[in-house]
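In: Quick one: sequence and predicted model below, then my questions.
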Amino acid sequence: MEVESHVIMDETAIRRALTRIAHEIIERNKGIENCILAGIKTRGVFLAKRLAERLENIEGVSIPWVELDVTSYRDDRSSEERGTEKANFPVSIHSKVVILIDDVLYTGRTIRAAMDAIMDCGRPEAIQLAVLADRGHRELPIRPDYIGKNVPTSRAEEIEVLLQENDGSDEVRISQQRGGH
């Protein structure tokens, strides 16, 4: 079986999308003073760090950002795989706007797990969602507030995000297996 793949976002497109998302975050929240970024491991963490840098460059003030591991909150893993580790924010989220950052939004289950993790850490004023790629096929009523690129897909297609920090290059690819039934 052959896999057909092509690039739908290159390094420049990713950089522009993150810059646009940064401006949208500032506009929607009237600044970033009350905001915290929470990057979902793994690639969401790198995107959160990049967004934090852009936001600081635009606004002239730093924004806190944290890594969020949602493994123990996932409903698609056995209890042995999940473990019992609870989320722990190094900063208070009480009355803050927590902006979740992830690479690809698909069914919404990872985001649901992330929201559960956040609620275990306190009561934010609001939770917003920023994703680099939204591919559709939601199983839960979850909608991103900030989207790098809408990529309507079939269930047979896959979206792969490669980031310099983890993969050695920046690009988003869409692929589909060919030759199957």
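Out: Structure's in. What do you need?

In: For residue 98, list each beta-bridge partner.
Out: Bridge pairing for residue 98 (DSSP bridges) gives the partners residue 36, residue 127.

In: Hmm, residue 136 is touching residue 153, no?
Out: Yes - Residue 136 is within contact range of residue 153, at 6.2 Å (criterion: Cβ atoms under 8 Å). Every residue, glycine included, has its C-beta placed from N, CA and C.

In: okay, these two: which has more neighbours?
Out: residue 153 (17 against 13; other Cβ atoms under 10 Å).

In: Spit out the contact partners of that one.
Out: 135-137, 159, 174 (Cβ atoms under 8 Å, 6 or more residues apart in numbering).

In: Next up, the contacts around the most centrally placed residue in the chain.
Out: Nearest to the geometric centre of the chain sits residue 102, at 1.0 Å (Cα atoms, centre = their mean). Residues in contact with residue 102 (Cβ under 8 Å, 6+ apart) are 39-40, 43-44, 47, 110-111, 114, 129-132.

In: Can you say which helix or strand has it in it?
Out: In the assignment (DSSP states H and E), residue 102 maps to strand 97-105.

In: pull the CA atoms of that strand into CSV?
Out: Coordinates of each C-alpha in strand 97-105 appear next as CSV, following Å, rounded to 0.1, in the frame of the first residue of the first chain:
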residue,chain,number,x,y,z
VAL,A,97,-7.9,33.2,30.5
VAL,A,98,-6.2,29.9,29.7
ILE,A,99,-5.5,29.5,26.0
LEU,A,100,-5.0,25.8,25.1
ILE,A,101,-2.5,25.3,22.2
ASP,A,102,-2.4,22.1,20.1
ASP,A,103,-1.1,21.2,16.6
VAL,A,104,-4.2,19.4,15.1
LEU,A,105,-7.8,19.4,16.2
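
In: Contacts for whichever helix or strand comes after that strand next, please.
Out: Elements were assigned by DSSP H and E; along the chain past strand 97-105, the next helix or strand is helix 109-121. With contact meaning Cβ under 8 Å, 6+ apart, helix 109-121 is reached by 38, 40, 68-70, 72-76, 86-89, 93, 98, 100, 102, 105, 124, 127, 129, 139-140, 142.

In: Inside strands: which ones of these?
Out: Per DSSP state E, strands hold the following members of the contacts of helix 109-121: 38, 40, 68, 98, 100, 102, 105, 127, 129.

In: And the average pLDDT for stretch 50-67 is what?
Out: For stretch 50-67, the mean per-residue pLDDT is 97.
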